[in-house]
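J.: below is the structure, and that's it, no one-letter string:
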């Protein structure tokens, strides 16, 4: 059996991202800091995968029962339209067109925005609660190593905004994390629960777990691999993760109970 060869590339040149970091650091923004104590609340991290439509009733029930809700990218407006104003919103992608995800921000939300994001993202959030998050991409360590006045936490070990949100939630002290809309695979021909043209026409490969085949983009498969690494580390610190909904990521979470079979092929 041979592992899938993942053809995963960044969508923004490192020099552009580092330039964005330099610009965002000049803004009068709070810098992300972690909590020392455990947070007894549970948190729901919401991606935009097709299963979100079916799992939404469970998400809303948890929301009504007091769980925190963090959205990512296009799920923000999708949730607001359905009666949930996210407590947090996370963005990682450096492409300027992602400003489309911030058309209707709300004052109640804390925005966790990677410093590598395009300046137009920060312009759209002028006057809102924003924490600047530093990701350990090329050149960022060297740029920030002399910083002494503000907290510098370089986060890494992942390739997608979903994994970033998990890391931030853990650093904020959450010990029970529910993942919604994070299938890491297609459902029929759908890659998201809403229209997202930037993913139309992307390369799709076949991944297999326990003889079940899933259609997925390479970045989705890489997200599953990132999840494996992070989930093991989280478990060592008694952080519980539950993947809500079907798909490749859910299958991997189940397979991790059986170490001899936890491979994507």
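T.: That came in fine, so what should we check first? All of these numbers come straight from a predicted model, not from anything done at the bench.
J.: which of the residues in the helix or strand hosting residue 162 are buried?
T.: Assigned by DSSP states H and E, residue 162 belongs to helix 161-171. Buried residues in helix 161-171, defined by neighbour count with 16 or more other Cβ atoms under 10 Å: 161, 162, 163, 164, 165, 166, 167, 168, 169, 170. Any C-beta I mention is one placed from the backbone N, CA and C, and that applies to glycine too.
J.: whichever helix or strand comes after it pairs with which strands, parallel or anti?
T.: In the C-terminal direction, the helix or strand that comes right after helix 161-171 (DSSP H and E) is strand 176-180. Here strand 176-180 is paired, per DSSP bridges, with strand 43-46 (parallel), strand 240-244 (parallel).
J.: what about the helices in the stretch 101-250 of the chain?
T.: Secondary structure of the stretch 101-250 of the chain by DSSP state H, counting those that start in this stretch: the helices cover 119-124, 140-144, 161-171, 218-236, 248-255.
J.: now the ones you listed as CSV including distance to residue 208 and mean pLDDT?
T.: Listed next are those as CSV, based on distance: least, Cβ to Cβ, whole Å; pLDDT from 0 to 100:
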stretch, distance to residue 208, mean pLDDT
helix 119-124, 37, 98
helix 140-144, 36, 96
helix 161-171, 22, 97
helix 218-236, 11, 94
helix 248-255, 10, 93
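J.: which one, of these, ends up nearest to residue 185?
T.: Of all the helices of the stretch 101-250 of the chain, helix 248-255 sits nearest to residue 185, with 3.8 Å by Cβ to Cβ.
J.: buried residues in that closest one?
T.: For helix 248-255, by 16+ other Cβ under 10 Å, it's 248, 249, 250, 251, 252, 253, 255.
J.: ditto for stretch 44-61
T.: Of the residues in stretch 44-61, those buried under the neighbour-count criterion (16+ other Cβ under 10 Å) are 44-52, 55-56, 59-60.
J.: just give me the neighbour total for residue 235.
T.: Counted with other Cβ atoms under 10 Å, the burial measure for residue 235 works out to 12 neighbours.
J.: count the neighbours of residue 91 for me.
T.: Residues within reach of residue 91, counting by other Cβ under 10 Å, total 26.
J.: I'd say it and residue 101 touch.
T.: Yes. Judged on Cβ atoms under 8 Å, residue 91 makes contact with residue 101 at a distance of 7.0 Å.
J.: okay, and the common contacts of the two?
T.: Counting by Cβ atoms under 8 Å, 6 or more residues apart in numbering, the residues touching both residue 91 and residue 101 are residue 73.
J.: kindly provide the distance from the closest residue to residue 133 other than its chain neighbours to residue 88.
T.: Distances taken as Cβ to Cβ, 6 or more residues apart in numbering place residue 32 nearest to residue 133, at 4.6 Å, with adjacent residues excluded. Applying Cβ to Cβ, to the nearest Å, the value for residue 32 to residue 88 is 11 Å.
J.: overlap in contacts of these two?
T.: The overlap between the contact sets of residue 32 and residue 88 (Cβ under 8 Å, 6+ apart) consists of residue 112.
J.: distance of the spatially most central residue of the chain from residue 182?
T.: Taking Cα atoms, centre = their mean, the centroid of the chain lies closest to residue 162, which sits 1.8 Å from it. Per Cβ to Cβ, residue 162 is found 5 Å from residue 182.
J.: same check, this time on residue 254
T.: 14 Å.
J.: tell me where the model's unsure across this protein.
T.: Scanning the chain for pLDDT under 70 picks out 1-10, 257-265.
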